[in-house]
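Asks: return a 3D structure for these sequence lines:
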Amino acid sequence: MSCEGHSHDHDHDDEMGVSLQAHIDMSQVYCLNEHEPNAGRSVLKPFVDRLTFDPSLQSPRDDDDLELLMHIPFSEAVSIKYITISGRASIFLPNENEEEATSAPCTVKVFANRNDIDFDTARDMDADVTLELVPPEHTVEVQQNIASSMNEEREEVNLGASLDYPLRPASKFKYCSSVTLFFGDK
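Replies: Sure thing, here's the model as predicted:
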C-alpha cells in the first residue's frame, strides 16, 4: 500500500490548544514497511503543517507488499476525537513518471490501546473502527472550484486540504495510551 503524500496527523483544533502532538511519544512511534526509516514519525506533523504534502509515507516501491502498520504511543492517556488524513491523489504520478506512481489507500483500520498488533493480526482482527477514506481527488476538485471562483490558474493555486475523520464509538478512544493504524488496501 503506498501512501505518497499521505499524512497521518493527530493534531486537532491546535488553535484552541487541544492538539495531541505534544503527547505523542515520538521515540516509540514505529511504522512497519515504510519506504525509509522514520518516515512514519515524520508524517505526524503539527496542526499548522497539516496542509503540506511533504514529508510523505509510502511502502517501498520495489515491494509487492503494500501494507503499512503504524503504531503511535502517547506519553499519557488521551482522548482522540478525530484523525486527520490528507493526500495528493488516488494515483499520483510524480513528474508524470509512471514508474514512480503511487496510490492512496481506501480504508484504515484503527486499533486503540493495542501493543501487540502485527500485519497478520491487523488483517484478521476486527478494528475498533474502520474508516472509509474519501479519495484525495475530492480535495483537488474543491481546490479547482475555489481557484475558478478566484479567477486564478488552477496549477498556481495549491490550497492543501485535509479531512478529519471522527472516531466512533468515542468510548473506544477515551483514555487511549496508543493507537495503531493499518493501511492494507488500495
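Asks: please make it C-alpha for all contacts and neighbour counts, starting now.
Replies: Will do.
Asks: where does pLDDT dip in the protein?
Replies: 1-18, 61-64, 87-103, 136-162, 186 (pLDDT under 70).
Asks: please, where are all the helices along it?
Replies: 39-42, 119-124, 137-149 (DSSP state H).
Asks: which other residues reach the shortest one?
Replies: Okay, so that is helix 39-42. 26, 29-31, 34, 55-57, 70 (CA atoms under 8 Å, 6 or more residues apart in numbering).
Asks: repeat that for the second one.
Replies: By CA under 8 Å, 6+ apart, the list of residues contacting helix 119-124 from outside reads 69, 109, 182, 184.
Asks: now the nearest residue to the last one once chain neighbours are set aside: phi and psi?
Replies: On the basis of CA to CA, 6 or more residues apart in numbering, the spatially nearest residue to residue 184 that is not a chain neighbour turns out to be residue 67, at 4.5 Å. Note on residue 67: its backbone torsions stand at phi -80, psi 150 [degrees, to the nearest 10].
Asks: please name every helix or strand in contact with the top strand by length along the chain.
Replies: Longest strand in the chain by number of residues (criterion: DSSP state E): strand 68-78. Other elements packing on strand 68-78 under the criterion 3 or more CA pairs under 8 Å, 6 or more residues apart in numbering; DSSP states H and E are strand 30-32, strand 176-183.
Asks: switch the cut-off to 10 Å
Replies: Packing partners of strand 68-78 (3 or more CA pairs under 10 Å, 6 or more residues apart in numbering; DSSP states H and E): strand 30-32, helix 39-42, strand 107-112, helix 119-124, strand 176-183.
Asks: what residues of the first one count as buried?
Replies: Yep, that's strand 30-32 we're talking about. 30-32 (16 or more other CA atoms under 10 Å).
Asks: for the fourth one, same thing?
Replies: Residues of helix 119-124 classed as buried under the neighbour-count rule (16+ other CA under 10 Å) are residue 122.
Asks: picking that back up, distance to residue 174 for the buried residues of strand 30-32 - can I get that in JSON lines?
Replies: Shown next, in JSON lines, are the buried residues of strand 30-32 (distance: CA to CA, whole Å):
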{"residue": "30", "distance to residue 174": "22"}
{"residue": "31", "distance to residue 174": "23"}
{"residue": "32", "distance to residue 174": "25"}
